[in-house]
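Asks: Need coordinates for the below:
(chains A and B)
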Amino acid sequence: MDELDPVIHASARLKITATLATLEVGDQIAFPRLQELLGMTAGNLSTHLRKLEDAGYVDVIKSHQGRTPATYLALSRTGRRAFEDYREALRDLLGESA
Amino acid sequence: MDDTRTPAVDLDEPLGDPREMLALLEKQQRQVTDAQIAPVVWLYFIWGIAWLVGFLALWSGDADGNPWFTIPAGVATPLFIVLLVVSIASSAVIGMRINRGVRGISSFSGAVYGLSWSVCGTAFALLGTALISHGMSTDLANLYFPSGYALMCGTIYLGGAALWREKSQLILGLIMLTVGAAAPFAGSPGNDLVFALAGGGAFLVVAAIMAVRLRRNR
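Replies: Take a look at the predicted model:
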């Protein structure tokens, strides 16, 4: 049995990846909306997003809406695969087959 | 990303127990889905009231309709139109909020879906106007317009169900198509009663079932 992915295996980052995984492939979500769906503080969310970004799991897209800077987020291909593997590993551990 | 960073607190600690982690994962995804469904319940509720009250008003505004009481046609028709306009306006506002903050590939689907309501609505209205200009009677127009719109709703709902794999739209779509096709057999103004009870009723029942499910998930 493989070790559970330590990047995802922390409740805050699990919640973030689980939320991002509900997006269609090819969609991105704005930082404030993600924050709203997670009920996390902006600072806490930023910290965990940075860790996910460093691992190559999350793509951070900076853009502008008019003059206001906007940040959009999405799981990278690696991130989506890591999330699916993680969920699979949990189910295996619990003896549930996907 | 936001620049005000605070150190990550206890949430950084792994829970350890796979069962708890799987439960957390599933709960979070359910909450996200529910957050998207919640506005849809309001949409169905608003349209349910509009159909129920609006068509009951039309039915009661016709001398051959409601056997218990009649309301002046000068009240019934404007009431129906006001309910329709309010519902369309709230649909536009609520519809835009459903997928707010999300951009990308699904924006196209959402935009086409949103646009199809106004485009199809205009097409059905134009067809009706053309039929009237070629001699369609008021009685026939009273059969055509509500059925045209019910068939339009049903068809667009089926499209929405296919797009988002959404069962409530599938159920409502099938009911709207059935009601729209069957109501004219009741004649006018009997068809108004069919739309009020079967159409408005279907919206309200589906809204109630979804609301109960959302509450249970909390």
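Asks: Helices of chain A, start to end?
Replies: A:11-21, A:31-38, A:42-54, A:77-93 (DSSP state H).
Asks: Give me whichever of those is most buried.
Replies: Scoring the helices of chain A by mean neighbour count under mean count of other C-beta atoms under 10 Å in any protein chain shown gives helix A:11-21 as the most buried, with a mean of 24. From N, CA and C alone the C-beta is placed, and that goes for glycine too.
Asks: buried ones in the helix-or-strand element of chain A with minimal mean pLDDT?
Replies: Every helix and strand in chain A was compared by mean pLDDT, DSSP states H and E; the lowest is strand A:58-65, with a mean of 91. Neighbour counts over strand A:58-65 (16 or more other C-beta atoms under 10 Å in any protein chain shown) mark A:V58, A:D59, A:V60 as buried.
Asks: quick check, nearest of these to B:G180?
Replies: Checking these against B:G180 with C-beta to C-beta, the nearest one is A:D59 at 45.2 Å.
Asks: hey, what's the closest one bridged with?
Replies: A:A74 (DSSP bridges).
Asks: how much space between it and B:A63?
Replies: For A:D59, the distance to B:A63 (C-beta to C-beta, to the nearest Å) stands at 65 Å.
Asks: same question, A:L93
Replies: Separation of A:L93 from B:A63 (C-beta to C-beta) stands at 72 Å.
Asks: swap in B:L131?
Replies: 24 Å.
Asks: Now B:S137: phi and psi?
Replies: Here is the backbone geometry of B:S137 (degrees, to the nearest 10): phi -80, psi 170.
Asks: which residues of chain B fall in strands?
Replies: For chain B, the strands defined by DSSP state E cover B:102-104.
Asks: show me where pLDDT drops low in it?
Replies: Applying pLDDT under 70 to chain B flags residues B:1-15.
Asks: Find the closest residue to chain A in it.
Replies: Nearest residue of chain B to chain A, counting by C-beta to the nearest C-beta: B:G101, 2.5 Å away.
Asks: Looking at B:L131 and B:A63, which one has more neighbours?
Replies: B:L131 (16 against 8; other C-beta atoms under 10 Å in any protein chain shown).
Asks: Just want to check the distance between the more buried one and B:G148.
Replies: Relative to B:G148, and taking C-beta to C-beta, B:L131 is found at 10 Å.
Asks: and stretch B:155-165, C-alpha only, in PDB?
Replies: Output of stretch B:155-165 as PDB, limited to C-alpha atoms (Å, rounded to 0.1, in the frame of the first residue of the first chain):
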ATOM      1  CA  THR B 155     -37.300  21.300 -24.300                       C
ATOM      2  CA  ILE B 156     -34.800  23.700 -22.700                       C
ATOM      3  CA  TYR B 157     -35.000  21.800 -19.400                       C
ATOM      4  CA  LEU B 158     -34.100  18.600 -21.200                       C
ATOM      5  CA  GLY B 159     -31.100  20.300 -22.700                       C
ATOM      6  CA  GLY B 160     -30.100  21.600 -19.200                       C
ATOM      7  CA  ALA B 161     -30.500  18.100 -17.800                       C
ATOM      8  CA  ALA B 162     -28.200  16.700 -20.500                       C
ATOM      9  CA  LEU B 163     -25.600  19.500 -20.000                       C
ATOM     10  CA  TRP B 164     -25.400  19.200 -16.200                       C
ATOM     11  CA  ARG B 165     -26.600  15.600 -15.700                       C
END
